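> just the structure for this:
(2 chains)
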Number of protein chains: 2
Amino acid sequence: MDHPVIYQTLNVKLFIVLIISININSHVIYYNQKDIAQLPSRFRANMINSLTGYKSCNLIATKGIDGTSNLAVFSSVMHLGSSPALLGFILRPLTVRRDTYRHLKEHPFLTVNSVTTELFKKAHQTSAKYDKGDSEFNKVGVTEEYMGLFPTPYVKESPVKIGCRYVNEYEIKENDCRLVVAAIEEVYFEAEMIETDGFLRLERADTVAAMGMDGYALPAFLDRLAYAQPDAPTRSL
Amino acid sequence: MDHPVIYQTLNVKLFIVLIISININSHVIYYNQKDIAQLPSRFRANMINSLTGYKSCNLIATKGIDGTSNLAVFSSVMHLGSSPALLGFILRPLTVRRDTYRHLKEHPFLTVNSVTTELFKKAHQTSAKYDKGDSEFNKVGVTEEYMGLFPTPYVKESPVKIGCRYVNEYEIKENDCRLVVAAIEEVYFEAEMIETDGFLRLERADTVAAMGMDGYALPAFLDRLAYAQPDAPTRSL
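Below you'll find the predicted structure:
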């Protein structure tokens, strides 16, 4: 009467083969809310910061009433509206010194400057904790440039430069971050970037994108798609 | 007495040469706030939408109480915090039907699904004005996938899937947009994307970035940089 034993062994083997084949075919990692909360904090920060995809990469310059300029890299600058022309960015909780925020309270003019392949290492270096009186322009080696009558300097090396005025802020009570809203007062960009309908080809100026907390990527243009219509095929512009 | 006439001609010529050389050397386009306000609205929208740089590209799925699912492409999904894990996105003014917003008021679960080179044309097509009862999953041809007990479907084809619960919204009074805040309840991603410290290599899954109102780009990984220290050289991780 050996048959039952043979069947049992066969079942165990089939079960093992099944598990291995599921792992080979899926290769998917899953975390629920409890798993995420229990991850080591640096791992969690890297992972959660990566999930939503690529981010903009810009240097924000501000100037205090003592005349010191500040330059800081941001991956949270976002388009908010074109009429009126508004942008926003996220400021983390004010538990440590935030020169950008303090400056904006003293002098509400900021410049938003695009980051290129030539600039991203210097841009990253602005996140070091320099002394309050130090200007990151000098420390990281980018050129302060005053343009026209605008009272806050631009980054000379940036192909897109946006001069803004602080307008408002919204405290996000879930984590004490702030959404800062700024009005676009003037803009400079390289002429070769613009298409006849106003679209800017960011890749023509080697503009980079940010990834996660500390990653940088160089996008290549894929396509522009025409205004979508129900039941009509998607087509390129 | 011909001299005055000669000088005048010379001045005009010098002036023309000067203008041409400025144009050749600078190649920079400038708009002030008044210029921007006076631009044709489509040109202005294209340009202002492009200024801040690359954006994330995600499909947000929601489900109404009648059981209809909705799928819409968003370029405004942003990281808001990792502890607690939060993301946000911008909703435009509620002057037209916004199925995503209406669904979230009825049933506060949304999924955020990454867009790849394979998906971006279908993702773009979700922006067509389909009838209220139509599901964009069916209309554009992406696969609705229910995972575990999560009540809102995911996009099967997306390599990164985030299950979220609506938490709050902040009305941006400057232009009647809303920042919606959502808590990350679970996440799925392809195992090959993650590095040992939690960073996701988005480019390994062909994740795209959005440009302006209707552009798409494929980023290539450049580098990760170590935590910046004052007066220490910037270095790769």
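
> alpha carbons only for contacts and neighbour counts from here, please
Fine.

> below-threshold pLDDT in chain A: ranges please.
Per-residue confidence for chain A (pLDDT under 70) gives these ranges: A:1-26.

> show me where chain A has strands.
Counting by DSSP state E, chain A has strands at residues A:28-32, A:58-63, A:69-74, A:78-82, A:85-91, A:109-114, A:144-145, A:154-155, A:160-172, A:177-190, A:209-211, A:215-224.

> winner for burial among those?
Across the strands of chain A, averaging neighbours per residue (mean count of other Cα atoms under 10 Å in any protein chain shown) puts strand A:209-211 on top, at a mean of 30.

> ok, and the closest non-adjacent residue to the most centrally placed residue in chain A?
Central residue of chain A (Cα atoms, centre = their mean): A:S75, 2.6 Å from the mean position. Excluding its sequence neighbours, the residue lying closest to A:S75 (Cα to Cα, 6 or more residues apart in numbering or on different chains) is A:C57, at 4.8 Å.

> quick check: that neighbour touching A:A210?
Yes: shown here, A:C57 and A:A210 form a contact pair, counting by Cα atoms under 8 Å, at 5.5 Å.

> shared neighbours, these two?
Taking Cα atoms under 8 Å, 6 or more residues apart in numbering or on different chains as the contact rule, the neighbours common to A:C57 and A:A210 are A:S75.

> next up, the contacts around A:F109.
Contact partners of A:F109, counting by Cα under 8 Å, 6+ apart, are A:62-63, A:151-152, A:163-166.

> could you do A:L71 as well?
Applying Cα under 8 Å, 6+ apart to A:L71 gives the contacts A:59-62, A:100, A:126, A:135-137.

> one more time with 6 Å
Counting by Cα atoms under 6 Å, 6 or more residues apart in numbering or on different chains, A:L71 touches A:60-61, A:136.

> same deal with A:A209?
Residues in contact with A:A209, defined by Cα under 6 Å, 6+ apart, are A:55-57, A:216-217, B:54.

> and what of A:A210?
Contact analysis of A:A210 by Cα under 6 Å, 6+ apart lists A:54-57, A:216.

> OK, now which residue of chain A is nearest to chain B?
Chain A approaches chain B most closely through A:P219 (3.4 Å), counting by Cα to the nearest Cα.

> for B:L94, see how far away that residue is.
33 Å (Cα to Cα, to the nearest Å).

> how about A:T234?
Distance of A:T234 to B:L94, computed by Cα to Cα: 26 Å.

> who has more neighbours out of the two?
Neighbour tally, A:T234 and B:L94, criterion other Cα atoms under 10 Å in any protein chain shown: the higher count belongs to A:T234, 19 against 12.

> what about stretch A:156-163, distance to the chain center?
17 Å (Cα atoms, centre = their mean, to the nearest Å).

> next, the distance between the ends of that stretch.
13 Å.

> stretch A:72-88 now?
Length of stretch A:72-88, first residue to last, Cα to Cα: 15 Å.

> what residues does that stretch touch?
Contacts for stretch A:72-88 (Cα under 6 Å, 6+ apart): A:55-60, A:89-90, A:123, A:126, A:180-184, B:45, B:48-49.

> apply 8 Å and report the result again.
By Cα under 8 Å, 6+ apart, the residues outside stretch A:72-88 that reach it are A:55-61, A:89-90, A:100, A:123-124, A:126-127, A:136, A:179-184, A:210, B:36-37, B:44-45, B:48-49, B:51-52, B:55, B:76, B:78-79, B:90, B:175, B:177.

> and A:K173, how many residues sit next to it?
10.

> do you know how far it is from B:L80?
Taken as Cα to Cα, the span from A:K173 to B:L80 is 11 Å.

> now do A:V187
According to Cα to Cα, A:V187 stands 27 Å off from B:L80.

> and A:N70, by the same measure?
Noted for A:N70: a distance of 23 Å to B:L80, by Cα to Cα.

> and the contacts of A:F109 near chain B, which?
When contact is defined as Cα under 8 Å from any Cα of the partner chain, those do not meet chain B at all.

> need the residues you listed in JSON lines (columns: distance to A:V142).
Shown next, in JSON lines, are the contacts of A:F109 (distance: Cα to Cα, whole Å):
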{"residue": "A:T62", "distance to A:V142": "14"}
{"residue": "A:K63", "distance to A:V142": "16"}
{"residue": "A:P151", "distance to A:V142": "18"}
{"residue": "A:T152", "distance to A:V142": "15"}
{"residue": "A:G163", "distance to A:V142": "18"}
{"residue": "A:C164", "distance to A:V142": "20"}
{"residue": "A:R165", "distance to A:V142": "22"}
{"residue": "A:Y166", "distance to A:V142": "24"}
